[in-house]
Structure formats: C-alpha cells, structure tokens
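Enquirer: no sequence on this one, just coordinates:
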Ligand SMILES: [Fe+2]
Ligand SMILES: [Fe+2]
C-alpha cells in the first residue's frame, strides 16, 4: 500500500471502548460497517465491466471476501449482544451515492481512497476495542481490505500512466468524499457526544484521516502539491468537472469483458493460471 498500516495508525493513548459499558455505542459503529460491507457486493458490477480477465478474477475473490465481512460484523453484533440497525445517511452517501461511474473512478475513489478510509477506521477499532475476540475478527478482515486498497492503488497508477489528464478528474471525484467527512464527524459528536474517552478524539482523528487521504492522493500522482494550495476557484472547477463527467459516464455503455476477452492479455500470453 502507498500508505502503510503504521502511517494509518492514530494515537488514541490509553483511550478504549470498554465492555459492557460501550455495548450500544459499538453496536452503532458496527451498523455503519455492516452497511458498508453489504455495499461491497457492488464489486459484482465491476466483474462484468473489468478491463481484463485478471482484474475480473480479483473482483470475484473480493466479492466473496466482502460477503465474509458481512458475517464478521454480524458475529460482532452477536458478541456484543446487539442487533443490526440502519446506517447514517452520510455512510449511505459515501458507500452508495459516491459509487464510481467508470472503472477509473471505481479503482481510485472506491478502492484506493474509500477502502483506505475504511481501513483507517478498522485500525482505530483494532487499537481501541478492549475485547480480544472482536479485535481478532477485525484483524482478519483488515488484512483482506489491505489487498483491496493495494489493487485500487496499482490500477489507479496504471491508468494515470496511460492517461495523465485523468488526475484532475479523479481529484474532483475525491474532493466530494473529503467534503462529506466533516459532516460525519459533526454528526458523531452531536449524536454520540464528546465526553467518551475515545470519542474525545473524533475531531483530531478526522484531521488525521483527511491527511492520510491527501498523502495517498499525492503518492498516487492524483494530487500535485497540497489540498490547502487548491484555491476555491480550482476546487469548484474540479468538482463541476467531476460532476459532469460522472453524469456523462452514466449515459455511456461501458466496454464489457464479453467485448474484450479475445484480446485479453491472459489469452495472448496463453496463461491459464490466475496470478496471485
Ligand atoms: Fe470489506
Ligand atoms: Fe474491501
């Protein structure tokens, strides 16, 4: 990954979610993840619209991993003694509304950046939940999420090498996510309060997450310079451009594997075993 697990880590000090005190609070957190993992089945769409058989093979495996993560969060609900509930609208927007409208948006926005954000929250929970059985379940899922992020990053870099002008489109698409994050932090603080030993860090943790995203966008070559250097005029231009591109993509028929498989590298190389 372009941003390592160590860089993802935020220092919560001695702050912990403790059971049984924080049962309901963690139940709410688990509901947000549960929704995100259920939207993981969107990857099924990219199985059909993948640019290569190799990418499709990755998505087939990813789909079964995301479905396994649904079970992980149901298991955590059972361990907590809580039952599943609906997600917050911002989570719904980030997971469904911001769904990529073409392959480049999918790998850069949903996989590299989106699943990268998810991984940062996984890491925060691993570091703060005072329940070894839950941490063990989260660790297993986090290792698979790492691979999803790494694949999204590698594909983003490949596409940018082929089409450098794509950088501005992808930057615009990711600005939307970055703008939605403070809303979620404000909601968490309003709904869950700022007194809790872990939640006291919500604002600082959000700052950390935005910084990580900036770092990832820089290392991928999507962002040159820093986010702070982007003036409002340029931000508005990038957002408008990403919006128009997003809408136009919806009208286009994407190339399917059924159109491309005969010129696929896998066939040309005569390889039959999928790469690891
Ligand atoms: Fe997942
Ligand atoms: Fe994932």
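Expert: Noted; the coordinates are in hand. Just so we're clear, the structure is a prediction, and the values are computed from it rather than from any experiment. Ligands and ions are numbered 1, 2, ... in the order given.
Enquirer: residues from the stretch 1-150 of the chain in reach of ligand 2?
Expert: 115, 145, 148 (CB under 5 Å from the ion). No exception for glycine: its C-beta is placed from N, CA and C like everyone else's.
Enquirer: hmm, 8 Å instead?
Expert: Residues of the stretch 1-150 of the chain lying close to ligand 2 (CB under 8 Å from the ion) are 37, 40, 43, 62, 65-66, 69, 111, 115, 118, 144-145, 148-149.
Enquirer: columns distance to residue 95 on top of these, output as a markdown table?
Expert: Conversion of those to a markdown table gives the following (distance: CB to CB, whole Å):
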| residue | distance to residue 95 |
| --- | --- |
| 37 | 9 |
| 40 | 9 |
| 43 | 12 |
| 62 | 15 |
| 65 | 16 |
| 66 | 11 |
| 69 | 13 |
| 111 | 13 |
| 115 | 11 |
| 118 | 9 |
| 144 | 17 |
| 145 | 14 |
| 148 | 14 |
| 149 | 16 |
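Enquirer: in what helix or strand does the residue of the chain found nearest ligand 2 lie?
Expert: The chain approaches ligand 2 most closely through residue 148 (3.8 Å), counting by CB to the ion. Using DSSP states H and E, residue 148 sits in helix 132-162.
Enquirer: mind listing what's buried along that helix?
Expert: Buried residues in helix 132-162, defined by neighbour count with 16 or more other CB atoms under 10 Å: 134-135, 137-138, 141-142, 144-146, 148-157, 159-160.
Enquirer: same check on stretch 230-248?
Expert: Buried, per 16+ other CB under 10 Å, within stretch 230-248: 230, 235, 238-239, 242, 245-246.
Enquirer: stretch 166-179 now?
Expert: 166-178.
Enquirer: narrow these to those in helices?
Expert: Residues of these located in helices (DSSP state H): 166-178.
Enquirer: show me what the helix holding residue 148 is packed up against.
Expert: Under the contact criterion of 3 or more CB pairs under 8 Å, 6 or more residues apart in numbering; DSSP states H and E, helix 132-162 touches helix 53-80, helix 103-105, helix 116-128, helix 166-192, helix 202-220.
Enquirer: need those in TSV (columns: distance to residue 28 and mean pLDDT).
Expert: Putting these into TSV (distance: least, CB to CB, whole Å; pLDDT from 0 to 100) gives the following:
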stretch	distance to residue 28	mean pLDDT
helix 53-80	10	97
helix 103-105	30	93
helix 116-128	13	96
helix 166-192	7	85
helix 202-220	13	94
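Enquirer: and those helices as a markdown table, adding distance to ligand 1?
Expert: Below are these laid out as a markdown table (distance: least, CB to the ion, whole Å):
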| stretch | distance to ligand 1 |
| --- | --- |
| helix 53-80 | 4 |
| helix 103-105 | 19 |
| helix 116-128 | 7 |
| helix 166-192 | 17 |
| helix 202-220 | 17 |
